[in-house]
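Visitor: Whatever this is, show me its structure:
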Amino acid sequence: MMLNQEKSSKRTILFFCYSLEGGGAERSLVELINHLNQGNYKPVLFLFKKEGAYLNIISSDVEIVELKEFVGYKRTLQFKRKLIEIFDQYKPGLIVSTLTGTNRTLLRALSFIGGKIPFQTVIIEQNNLTAKLKLINPLKRLVVRLDIKYLYGYAQKIVAVSKGIKEDLVNNYNFPQESVIVIHNPVFVNEITKKIAESSDDSVLLTRNGYKTLVAVGRLVEQKAYPDLLKAFSMVCREVPSKLIILGEGPLRTKLNGLIESLNLKDHVEMPGFVENPWRVIADADL
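Guide: This next block holds a predicted model:
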């Protein structure tokens, strides 16, 4: 497929992510794409599932391609052939992938292509992998660990979003210091300030009435340790009149609701789910 002159005057960057569900990694990727210099770069976003709350906030002029039929080990060879088609069509200058599962899927297919690929591949690691892998069963943990040690070497650069994540990759997976670079997730202060000032759904805001208000933001998953937060908060409530609002959605909602009830916190905790503009709620809280 021939590229027109407008496309060829820009450097094309292909971004890969599983979906745009409401997690921090997905949010960071959307912000990165939205703030690219569109005069110099053309972003194309590939999603294995074209779904998620952040589809509403990504720039409307960003091309999004769904790859749902290429998920899983058994689809590696088909995905390899699809990638060759994609590279021929878009002629990218750079590939960027984020989240461990997507990184593994992409790099596994790239490893089957062979030969010198005429562009760089950068993967973003948002997790301390050693800590994250402790949450899964031992057999799957071994497979993922071997995948990471073998496949991540196919990337020209690994971006760690914190120094701790870099130390984990270097010390526990034996990646060279120079292959891992720390780039923190972007924070756009002026935009956040604007969103705080925007009108919001007041039903999400906790009524103070003499209470101290606390806000937690994140997916309802094991990794976020919400049971620890709730148990600590129950102790705080005994001494300080307090309310807690948890912004986020995930598979642990039922379990957390049960814990809230067993800790007698039903009148003190609210979980409104994913909120597109959490900034005003955060700004309104005491902690």
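Visitor: Every contact and neighbour count from this point should use C-alpha atoms.
Guide: Fine.
Visitor: can you give me the helices in the stretch 101-250 of the chain?
Guide: 129-133, 138-151, 163-173, 189-197, 226-239 (DSSP state H, counting those that start in this stretch).
Visitor: Which other helices and strands does the fourth one contact?
Guide: Applying 3 or more CA pairs under 8 Å, 6 or more residues apart in numbering; DSSP states H and E, one finds that helix 189-197 makes contact with helix 279-284.
Visitor: Pull out the buried residues from the helix it packs on.
Guide: Buried residues in helix 279-284, counted by 16 or more other CA atoms under 10 Å: 279, 280, 281, 282.
Visitor: list the contacts for the last one?
Guide: To tie it back to what came earlier, the one meant is residue 282. residue 215 (CA atoms under 8 Å, 6 or more residues apart in numbering).
Visitor: contacting residues for the nearest residue to residue 247 once chain neighbours are set aside?
Guide: Excluding the flanking residues, the one nearest residue 247 by CA to CA, 6 or more residues apart in numbering is residue 217, at 4.7 Å. For residue 217, the contact set (CA under 8 Å, 6+ apart) comprises 246, 247, 248.
Visitor: If I look at the first one, what pLDDT would I see?
Guide: Read it as residue 246. Looking at residue 246, its pLDDT stands at 96.
Visitor: Just the CA trace of stretch 26-42, in CSV.
Guide: Coordinates of the C-alpha atoms in stretch 26-42 are reproduced here as CSV (Å, rounded to 0.1, in the frame of the first residue of the first chain):
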residue,chain,number,x,y,z
GLU,A,26,-3.9,3.0,29.7
ARG,A,27,-4.5,6.6,30.8
SER,A,28,-0.8,7.4,30.5
LEU,A,29,-0.7,6.0,27.0
VAL,A,30,-3.7,8.1,25.9
GLU,A,31,-2.1,11.2,27.4
LEU,A,32,1.2,10.4,25.5
ILE,A,33,-0.6,10.0,22.2
ASN,A,34,-2.8,13.0,22.7
HIS,A,35,0.2,15.3,23.4
LEU,A,36,2.4,14.2,20.5
ASN,A,37,3.5,16.9,18.1
GLN,A,38,1.0,16.0,15.3
GLY,A,39,3.0,18.1,12.9
ASN,A,40,5.9,15.7,13.1
TYR,A,41,4.4,12.4,14.2
LYS,A,42,1.5,10.3,13.1
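Visitor: low-confidence ranges in the stretch 101-250 of the chain?
Guide: Applying pLDDT under 70 to the stretch 101-250 of the chain picks out residues 115-116, 199-208.
Visitor: can you count the residues close to the closest residue to residue 70 other than its chain neighbours?
Guide: In this structure, residue 70 finds its nearest non-sequential neighbour in residue 79, 5.5 Å apart by CA to CA, 6+ apart. By other CA atoms under 10 Å, 23 other residues sit near residue 79.
Visitor: For the strand or helix carrying residue 79, give the mean pLDDT please.
Guide: For residue 79, the host element (DSSP states H and E) is helix 76-90. In this model, helix 76-90 has a mean pLDDT of 94.
Visitor: ok and the helix or strand following that helix relative to helix 76-90, angle-wise?
Guide: Counting by DSSP H and E, the next helix or strand C-terminal to helix 76-90 is strand 94-98. If you take axes from the mean of the first three to the mean of the last three CA atoms, to 10 degrees, strand 94-98 sits at 140 degrees to helix 76-90.
Visitor: Return the members of the contacts of residue 217 classed as buried.
Guide: 246, 247, 248.
Visitor: Next step: the residues you listed restricted to strands.
Guide: 246, 247 (DSSP state E).
Visitor: Throw the buried ones among the contacts of residue 217 into a markdown table and include distance to residue 259, thanks.
Guide: Below are these laid out as a markdown table (distance: CA to CA, whole Å):
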| residue | distance to residue 259 |
| --- | --- |
| 246 | 14 |
| 247 | 17 |
| 248 | 17 |
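Visitor: of the buried ones among the contacts of residue 217, closest to residue 49?
Guide: residue 248 (19.6 Å; CA to CA).
Visitor: separation between that closest one and residue 135?
Guide: 20 Å (CA to CA, to the nearest Å).
Visitor: again, but for residue 209
Guide: 39 Å.
Visitor: quick one, which of these two is more surrounded?
Guide: More crowded of residue 209 and residue 135, by other CA under 10 Å: residue 135, with 11 against 8.
Visitor: Next, the contact list for the more buried one, please.
Guide: 222, 223.
Visitor: Neighbours of residue 138, how many?
Guide: So residue 138, with other CA under 10 Å, has 11 neighbours.
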